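A.B. asks: Prediction below, plus the sequence it came from.
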Amino acid sequence: MSDDVLIHFSSNSSNQSDQSNSLPTKIALLEARMVGKGSATPQQTGPAKFSGLPESLPHETLLSSDDSDDDNGGEFLIQANIQKRRKLEEENSSVVSEHVELQQLFQVVDDTRQKIEEGSDISKSTTDSNRKKSRRKGNCSSGGGRGSRNMDQTKTPAFPSSNGQLDSSYKKNVCAMDDTRNNGCTPLEEISSLHAKVAALEEELKRVREENSEIQQLHQMVEKELKEIKDADQQMKTKRTKVISDLLISVSKAERQEARIRVRQESLRLGNVGVLRAGHVISETWEDGQAMKDINVQLRNLLEMKEVVERQRKLLKKRQSDKGDGTDSDTGVQEEDVLIQEEIYKSRLASIKREEEMLMRERDRYELEKGRLIREMKRIRDEDGSRFNNFQILNHRYALLNLLGKGGFSEVFKAFDLVEYRYVACKLHGLNANWSEDKKQSYVRHAIREYNIHKSLIHRNIVRLWDIFEIDQNTFCTVLEYSCGKDLDAILKASPILPEKEARIIIFQIFQGLVYLNKRPQKIIHYDLKPGNVLFDEFGIAKVTDFGLSKIVEDDVGSQGMELTSQGAGTYWYLPPECFELSKTPLISSKVDVWSAGILLYQMLFGKRPFGHDQSQERILREDTIIKARKVEFPSRPSVSNEAKEFIRRCLTYNQVERPDVLTIAQDPYLMYTKK
Ligand SMILES: Nc1ncnc2c1ncn2[C@@H]1O[C@H](COP(=O)(O)OP(=O)(O)OP(=O)(O)O)[C@@H](O)[C@H]1O
């Protein structure tokens, strides 16, 4: 339209003398014509703002919903620019400048129309938020109340929000609707705006769905890969486990073979178990090996030689006395010969004695070796007789290797934990199939009790209990920390007396473990401290084990201790007098362990137990050996420090009321390792 109007204005502007044709008049006419057209829509009379206009121009503006401006159907509404007109009326001086200004004005009209057109196009297809914004502003500037009528029907559509982006675009839309309500839109515009919104949201939804399906595909791919990795790992694990257990088995088989060869060689030297038949009775007897036989022969020879020399010596003495007081001239010579002969016999006897002592020491050494050999023979026999000797894997985890030893009701195997990759000791508790159900149940109860006490103990001087599981109806297994060194019993059997320094550090470590047991919220009395229950790891760290007879000291126990309900159990050489009390139920405390530790130290230092060393358990009980053990005596040899003796005396205090408990004796100077 503006082109026509411009041409029209341009032609008129040349005739300035004609008032009716003057510019202001023409503008007024034009305005009147336009207003007349638009008067059918009275709500549009108010000025509408259009923020897209340049700042320099007034905001009374030209709005259009159609790009046609012909006489008949023009839908343009040109608002009178009153200010401009007044200015023109006032100044009315320069037609040229007016013309220029009008040209500018119509240029603005043109620009605005173009923008509206753009806005209308955008509203049909946009998904772009910036374009939406420009479209919205275009719509809003169309003004009027019609939009607000329709907006009420379309307000707050419940679009699902899948993400923040959608949310924010939704908010923008609502906001745009609010703007529209305020400023007014045509229903067509609103519908197209809503269509656009729906399209935008659908687009968004489509995009989100696509993303989602991509994510799902990715997820599936990752899951598949993970499964493949897991499968491969499982296969690797199985292979690794197989390789490790095969290796362990070959090593163990070699060890078994080596042990048997060693035993065969040793038994040639030291002796063997033979079978003795007496009628129908078959019994086992020990037959000495060559080395033992040789020593015994040598000892016998020495003994015979000693007897011969002794006899000769006596004869010489007799002959001398038979001759009486010699009156011969050569008597002096004979006397001298007798003295010399006497001296020779004496020195011969002394040398025989030395040889004898040496052979005796050698025989003692052989005896120790023989003891070790007998234990090893027994172990091999137990291993051969065990139903767990063919390298089973227990609980899909513990590869059984060689037998470490057999106790009263259990077999202990060295094993390898295929999950944690470490050596362990598997203690297999076998219930005797011939036992009554009651006895079996009591044994299991006992073992569970032991497990419950032991499993919570974590201290470097206490053997760890890792696991427990059932193997079959009559067998279960406890898995213990493996101590590869010998136990104290084996050490003392090999060398009955230990240097004081070694004995002191061992007893110190045992007390460290006992202090731990007594500093817990629930104190524990071990009750079965003996050399066989002290193990050593590869670094020589002493560890207390076997909590089968342990007692938990309940909170409500009096100062005198708890009642001993399992009287008779334990190893009597190591138990204090109160445990043998028969007149009433004994009360016991951690002082039981203090006594046992005192006995252990004594045994390590002097090579024997202080009370009932050579007595059997039965005899100790029968002869009240421990009840009579009021005072400890120390042999003169080997020499041991007075501090050690005093410490042992304190541990072996007869009266338990006067005996220090674990926490008190742990403060003893003998157990302190501070620098002097
Ligand atoms: N954790 C372990 N590590 C290494 N060897 C062990 C372990 N536990 C026990 N042994 C060894 O296994 C053998 C048998 O142990 P067990 O405790 O069954 O015997 P015991 O104490 O002589 O018997 P009982 O418990 O019936 O008195 C012993 O020689 C012991 O040294």
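C.D. replies: It's in. Worth saying up front: this structure is predicted, and the values here are computed from it rather than measured. Numbers count the residues shown, from 1 in each chain.

A.B. asks: rest of the way, CA atoms for contacts and neighbours
C.D. replies: Noted.

A.B. asks: Let's verify residue 594: helix, strand, or coil?
C.D. replies: What DSSP: H, G, I helix; E, B strand; the rest coil gives for residue 594 is helix.

A.B. asks: Could you check how far it is from the ligand?
C.D. replies: As judged by Cα to the nearest ligand atom, to the nearest Å, residue 594 and the ligand stand 20 Å apart.

A.B. asks: Give me the spatial nearest neighbour of that residue, chain neighbours excluded.
C.D. replies: Of all residues beyond its chain neighbours, the one nearest residue 594 is residue 651 (5.5 Å), with distances taken as Cα to Cα, 6 or more residues apart in numbering.

A.B. asks: what about that neighbour, neighbour count?
C.D. replies: Neighbours of residue 651 under the rule other Cα atoms under 10 Å: 26.

A.B. asks: Touching, it and residue 593? I think so.
C.D. replies: No - Residue 651 is not in contact with residue 593 according to Cα atoms under 8 Å; the separation is 9.1 Å.

A.B. asks: The nearest residue to residue 316 once chain neighbours are set aside: helix or strand, and which one exactly?
C.D. replies: Spatially, and ignoring its direct neighbours in sequence, residue 316 is nearest to residue 338 (7.2 Å; Cα to Cα, 6+ apart). Assessed by DSSP states H and E, residue 338 sits inside helix 331-385.

A.B. asks: Is that helix positioned near the ligand?
C.D. replies: No - if you take Cα under 6 Å from any ligand atom as the test, helix 331-385 misses the ligand, and the best it gets is 9.0 Å.

A.B. asks: low-scoring pLDDT stretches of the stretch 1-150 of the chain, where are they?
C.D. replies: 1-106, 108-150 (pLDDT under 70).

A.B. asks: that older thread, contacting residues around the residue nearest to residue 594?
C.D. replies: 594-595, 597-598, 659-660, 665 (Cα atoms under 8 Å, 6 or more residues apart in numbering).

A.B. asks: Repeat the analysis, applying 7 Å as the threshold.
C.D. replies: Listed by Cα atoms under 7 Å, 6 or more residues apart in numbering, the contact partners of residue 651 are 594-595, 598, 659.

A.B. asks: Pick the one among those closest to residue 260.
C.D. replies: Using Cα to Cα, residue 598 comes nearest to residue 260 of these, at 38.2 Å.

A.B. asks: which bits of this protein sit near the ligand?
C.D. replies: So far as Cα under 6 Å from any ligand atom goes, the chain lies against the ligand at 404-412, 425, 480-484, 487, 532-533.

A.B. asks: What subset of those residues is buried?
C.D. replies: 404-406, 410-412, 425, 480-484, 487, 532-533 (16 or more other Cα atoms under 10 Å).

A.B. asks: and the residues you listed, which two are the farthest apart?
C.D. replies: Maximum pairwise distance in these, criterion Cα to Cα, is 18.4 Å, between 410 and 484.

A.B. asks: before we move on, the earlier item: next one: the residue nearest to residue 316 from residue 351, what distance?
C.D. replies: In this view, residue 338 and residue 351 are 20 Å apart by Cα to Cα, to the nearest Å.

A.B. asks: ok, now residue 272?
C.D. replies: Taking Cα to Cα, one finds residue 272 at 33 Å from residue 351.

A.B. asks: ok, these two, which is more surrounded?
C.D. replies: Using other Cα under 10 Å, the more surrounded residue of residue 272 and residue 351 is residue 272, with 20 against 14.

A.B. asks: SS state for the more buried one?
C.D. replies: Recorded secondary structure, residue 272: strand (three-state DSSP).

A.B. asks: Show the pLDDT at the residue nearest to residue 660 when sequence neighbours are not counted.
C.D. replies: Nearest non-adjacent residue to residue 660, counting by Cα to Cα, 6+ apart: residue 591, 6.6 Å away. Listed pLDDT for residue 591 reads 94.

A.B. asks: Spit out the contact partners of residue 591.
C.D. replies: Taking Cα under 7 Å, 6+ apart as the test, what residue 591 contacts is 656, 659-662.

A.B. asks: Show me these that map onto strands.
C.D. replies: Applying DSSP state E to the contacts of residue 591, no entry is found in strands.

A.B. asks: List only buried entries from those residues.
C.D. replies: Neighbour counting by 16+ other Cα under 10 Å classes 656, 659-662 among the contacts of residue 591 as buried.

A.B. asks: Which one of those is nearest to residue 279?
C.D. replies: Nearest to residue 279, judged by Cα to Cα, of the buried ones among the contacts of residue 591 is residue 656 at 53.8 Å.

A.B. asks: Can you give me the neighbour number for residue 188?
C.D. replies: 11.

A.B. asks: what secondary structure does residue 433 sit in?
C.D. replies: With three-state DSSP as the basis, residue 433 sits in coil.

A.B. asks: for the residue nearest to it when sequence neighbours are not counted, phi and psi?
C.D. replies: In space, and not counting its chain neighbours, residue 433 is closest to residue 474: 6.9 Å by Cα to Cα, 6+ apart. Here is the backbone geometry of residue 474 (degrees, to the nearest 10): phi -110, psi 10.

A.B. asks: where's residue 474 relative to residue 549, distance?
C.D. replies: 21 Å.

A.B. asks: go on, residue 614?
C.D. replies: Distance from residue 614 to residue 549, by Cα to Cα: 24 Å.

A.B. asks: Would you mind telling me which of these two has the busier surroundings?
C.D. replies: Using other Cα under 10 Å as the criterion, residue 614 and residue 549 rank with residue 549 on top: 17 against 11.

A.B. asks: mind giving me the domain split of the protein?
C.D. replies: 2-80, 289-385, 393-481, 488-671 (automatic domain parsing).

A.B. asks: Go through these and name the closest to residue 243.
C.D. replies: Nearest of the domains of the chain (Cα to Cα): domain 393-481, 11.0 Å.

A.B. asks: Just the endpoints, please. Distance across that closest one?
C.D. replies: By Cα to Cα, the extent of domain 393-481 from end to end equals 17 Å.

A.B. asks: And the pLDDT at residue 547?
C.D. replies: 89.

A.B. asks: what number of residues lie near it?
C.D. replies: By the criterion of other Cα under 10 Å, residue 547 has 22 neighbours.

A.B. asks: Please give the element, helix or strand, for the closest residue to it other than its chain neighbours.
C.D. replies: In space, and not counting its chain neighbours, residue 547 is closest to residue 450: 5.6 Å by Cα to Cα, 6+ apart. Take DSSP H and E as the rule and residue 450 turns out to sit in helix 437-455.

A.B. asks: Report the buried residues of that helix.
C.D. replies: For helix 437-455, by 16+ other Cα under 10 Å, it's 440, 443-444, 447, 449-451, 453-454.

A.B. asks: avg pLDDT for it?
C.D. replies: Helix 437-455 carries an average pLDDT of 82.

A.B. asks: Quick one, grab the pLDDT at the residue nearest to residue 594.
C.D. replies: Per-residue confidence (pLDDT) for residue 651: 97.

A.B. asks: Can you pull the phi/psi pair for it?
C.D. replies: phi -70, psi -40.

A.B. asks: do the same with the one 3 residues further on
C.D. replies: Backbone geometry at residue 654, expressed as degrees, to the nearest 10, gives phi -60, psi -50.

A.B. asks: And for residue 403?
C.D. replies: Taking degrees, to the nearest 10, you get phi -70, psi 130 for the backbone angles of residue 403.

A.B. asks: Which single residue in the stretch 501-650 of the chain comes nearest to the ligand?
C.D. replies: Here the stretch 501-650 of the chain gets closest to the ligand at one residue, residue 532, 5.6 Å apart by Cα to the nearest ligand atom.

A.B. asks: quick one: that residue is in a helix?
C.D. replies: Yes - per three-state DSSP, residue 532 lies within a helix segment.

A.B. asks: Surely it is in contact with residue 492?
C.D. replies: No - using Cα atoms under 7 Å as the test, residue 532 is too far from residue 492 to be in contact (9.8 Å).

A.B. asks: joint contacts of those two?
C.D. replies: By Cα under 7 Å, 6+ apart, no residue touches both residue 532 and residue 492.
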